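Okay, sequence plus prediction incoming.
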Amino acid sequence: MNIGTLSRHFNLKTVSIFFLQFFLVIAALGYHAWKDSSAECVRCHSDRVKMTALGYPQFYMTPQTVQKESKHPDVKCRECHLGNGSSTDPAGAHAGMLSVLLVDDNGTVLKRKDTAPAALLPSGDDMIRRMLPKVDTQPNSGIRNVLWHDRDPVSFNFDPEIAGKTCGKPACHPEELKQFRTVTMGTNFRQRTMHTWLKPYGPHNCGPSFSDLPPEAVLKEAGFSMKNTKEIAAGLNVPFTQSQAKDKQKFCNMCHAGCLDCHYGPDPVKGVHNFTAKPSAVNCLGYGRGTSMCHPGAMQSRRGETYAGGDYSIPTGMKPDIHYTKDIQCVDCHLTGEKGMGDMQRKADCQDCHLEIEEAHAKGIHNKLHCAACHVNELRGYQITIWGPGLISGRENPFKKYSLYYGVQGPPILMKDQKGMWMPVKVWPHSVGNIKPEVKPSDKIMFRWPKGETRDAYYVVGTFDAPSDNRHLLWLEIEQAAHPYGRARKCASCHGHSQTAVSTWQFMDDQGATGQFKGSHRIVADTDGLRIIDLKNTTPIVAARGYKLEDFASWLFFKDRWRVPGDFSISTDKGKYKKHLNMSREIEAVLKGIEQRRDMEIVPAAGVVDASIVKKKFRREYKKLKGYVLHDDEGALGRLRDYGFK
């Protein structure tokens, strides 16, 4: 007897097929859950006695600890570390697991077990090297940099495939990864645009993209490309192989960021799994992982700037930016653009804090100056850069960068940007040897990005012969400086017959010379052009065995060559200058008198009797007033008279 119509379709065969399919689905889901499990990770690492017996007490941790430190509730070990969390065999469990990369001076990834088995936490007094493993409290000299887990272990590039399996997996931050893969920081667009020493624009302090991937709208992979290598080699008088290009490129790639560089920060108090949604300034500065991570390479060494000061400057000891002392982080001013994650804007947003000053500056006599033109007083880092034969990764290479001519130049030269605004720039001489083509001088100062994406410029001086290393290409690197903000420079440093910056330096490279040597030069900008003069060593230079002076100190043969024709003076009407200088001095005298008064207070409003409230309000209002009058002297005295002091 059939009950309804459904029973007509059931028989032994269909029931068997149904249960078989059901079993297969359940089995597949179970296998996926088992394969995705971190149960064995937890079983092993949350056993303090076992981890201590194995010799790794520092790797004891519980799921609760990890979730608290990372601020990622319910996160599983292998969601970030990969590996096999269902294996009971240590080798099987750790197979395919991501690991921090400890890189030595030869670009070799060291085995952590043999080199730095302890927990990686910041320690020591050297702030820029706090994350480097220590030997007797000092940074391990055998470790150059620490790279986080989302880097390709061969090219050292940020690897979007790794990020897609971890931070950017579907259940975590896929949209953020999608955004990051399209922005300049994520695609490394500007560096990868530099195909050769001369294309698509002139030479750069960082050199060309020796064997990196081509620039793309969307980052797809990490690895190498030999397209540029062939073109670079064709322009040389000496061989340049693919292996030499890779050796160079690996060190270039260390500077450029991935997810963890911004959002991961092991901390002695917050824990080894500490993550932050908002990157700190120290994250932007490489988080103590050496001088070639993130912004120290471009900011401290190349531009000669600093933000945090102290150890985060080269040479060390530079005063921090005033904003850093107020606990203002980089991302508080450099906001995220329309492309989303990682689309950090170069132009800082000052109006939230300095509305009155920006208003006064727009009206004042200096409204054609960037703020940094007055408020940056010195620049450090590289003072000379010479590219020549040397050792890279322990092997001979025509492109060893002898850039450790570390020193100080100041006050910075001022120069107009693409829009006619005066900005402070760092100017220093460059040379690269063994160039095949004859290169003519530039027609004028050239901006690499004419539309203003950056304000970095250069001037090709041309090619010149030296006793060795064939033909040398010379250029001046001219880079905008935007930090550290401090007290304004003196008026006379700009309004004289010419601008002059003095550079003193010390050669500190471990190749080329038998030891360190010192020197100096001056950078002059006036009606006769922009030029390097008085370039000299002040202590003896002795080439090491196997090196020639042309390799690392070719400037000895080209001392007077770095010249740019044109008018680089700051035009000054003497009568107008004298008038405003007197007004400035009068304003400063009035302000000084106000600040010296013990009873700094304004006339209380009717009904206000609490003097502390009045005084606090006065100080707040006086700070705004001071900012305004110092940036608009013509309207300043009237404002001061109308302020109502008692």
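Thanks, I have the structure now.

for stretch 267-280, what is the average pLDDT?
Computed over stretch 267-280, the mean pLDDT rounds to 95.

And it, end to end?
For stretch 267-280, the first-to-last residue distance is 13 Å (C-alpha to C-alpha, to the nearest Å).

List the buried residues for it?
Counting neighbours by 16 or more other C-beta atoms under 10 Å, one finds that the buried residues in stretch 267-280 are 271-275, 279-280. All C-beta spots, glycine's among them, are computed from the backbone N, C-alpha and C.

Over to stretch 367-380?
369-380.

Among the residues you listed, name the ones in helices.
If you go by DSSP state H, the buried residues of stretch 367-380 have 371-375 in helices.

from those, which is closest to residue 295?
Comparing those against residue 295 with C-beta to C-beta places residue 372 closest, at 16.2 Å.

coming back round to it: could you export the buried residues of stretch 267-280 as TSV, including secondary structure and distance to residue 460?
Formatted as TSV, these follow (DSSP: H, G, I helix; E, B strand; the rest coil; distance: C-beta to C-beta, whole Å):
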residue	secondary structure	distance to residue 460
271	strand	51
272	coil	49
273	coil	49
274	coil	47
275	strand	45
279	coil	37
280	coil	39
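
Could you measure from residue 465 over to residue 238?
15 Å (C-beta to C-beta, to the nearest Å).

Comparing these two, which residue is more hemmed in?
Applying other C-beta atoms under 10 Å to residue 465 and residue 238 shows that residue 238 carries more neighbours, namely 13 against 10.

what helix or strand does that one sit in?
Using DSSP states H and E, residue 238 falls within no helix or strand.

Report pLDDT for it.
Per-residue pLDDT puts residue 238 at 96.

what about it, distance to residue 435?
Taking C-beta to C-beta, one finds residue 238 at 10 Å from residue 435.

still on that earlier bit, of the buried residues of stretch 267-280, just say which sits nearest to residue 155.
Closest approach between the buried residues of stretch 267-280 and residue 155, by C-beta to C-beta: residue 279, at 23.8 Å.

Next, the nearest residue to that closest one once chain neighbours are set aside: phi, psi?
Distances taken as C-beta to C-beta, 6 or more residues apart in numbering place residue 262 nearest to residue 279, at 4.3 Å, with adjacent residues excluded. Phi and psi for residue 262, reported as degrees, to the nearest 10, are phi -90, psi -30.

repeat for residue 471
Main-chain torsions, residue 471, degrees, to the nearest 10: phi -90, psi 140.

Redo the buried residues of stretch 367-380 as CSV? Include pLDDT and distance to residue 451.
Shown next, in CSV, are those (pLDDT from 0 to 100; distance: C-beta to C-beta, whole Å):
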residue, pLDDT, distance to residue 451
369, 94, 21
370, 94, 17
371, 93, 22
372, 95, 21
373, 96, 21
374, 95, 26
375, 95, 26
376, 97, 24
377, 96, 30
378, 97, 30
379, 98, 25
380, 97, 30
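
which among these gets closest to residue 475?
Using C-beta to C-beta, the buried residues of stretch 367-380 come closest to residue 475 at residue 379, 18.3 Å.

hang on, the closest one packs against residue 306?
No: contact criterion C-beta atoms under 8 Å: residue 379 and residue 306 do not qualify, at 9.3 Å.

want to throw the ones in helices among the buried residues of stretch 367-380 into TSV with distance to residue 219?
TSV is the format used below for these (distance: C-beta to C-beta, whole Å):
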residue	distance to residue 219
371	34
372	31
373	36
374	39
375	36
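
Let me know the closest of these to residue 88.
For these, the nearest to residue 88 is residue 372 (59.6 Å; C-beta to C-beta).

quick one: contacts for that closest one?
By C-beta atoms under 8 Å, 6 or more residues apart in numbering, the contact list for residue 372 reads 423-424, 481-483, 485.

which of those residues has the most neighbours?
residue 424 (28 neighbours).

Okay, and that residue sits in which element?
Short version, using DSSP H and E: residue 424 is in strand 422-432.

Kindly report the same for residue 579.
In the assignment (DSSP H and E), residue 579 maps to helix 574-596.

so what secondary structure elements neighbour that helix?
When contacts are defined as 3 or more C-beta pairs under 8 Å, 6 or more residues apart in numbering; DSSP states H and E, helix 574-596 packs onto helix 611-629, helix 633-641.

hmm, try it at 7 Å
For helix 574-596, the elements it packs on are helix 633-641, judged by 3 or more C-beta pairs under 7 Å, 6 or more residues apart in numbering; DSSP states H and E.

and the angle from the helix it packs on to helix 574-596?
Counting by axes from the mean of the first three to the mean of the last three C-alpha atoms, to 10 degrees, helix 633-641 points 30 degrees away from the direction of helix 574-596.

Tell me what angle helix 633-641 forms with helix 611-629.
160 degrees.

Contacts for helix 633-641 next, please.
Helix 633-641 is contacted from outside by 363-365, 580, 583-584, 586-587, 590, 625, 628-629, using C-beta atoms under 7 Å, 6 or more residues apart in numbering.

Could you do stretch 40-49 as well?
50-51, 59-63, 77-78, 85-88, 93.

Show me which of those residues is closest to residue 562.
Comparing these against residue 562 with C-beta to C-beta picks out residue 59 as the nearest, at 54.4 Å.

my guess is residue 295 contacts residue 285, does it?
Yes: Residue 295 is in contact with residue 285 according to C-beta atoms under 7 Å; the separation is 5.6 Å.
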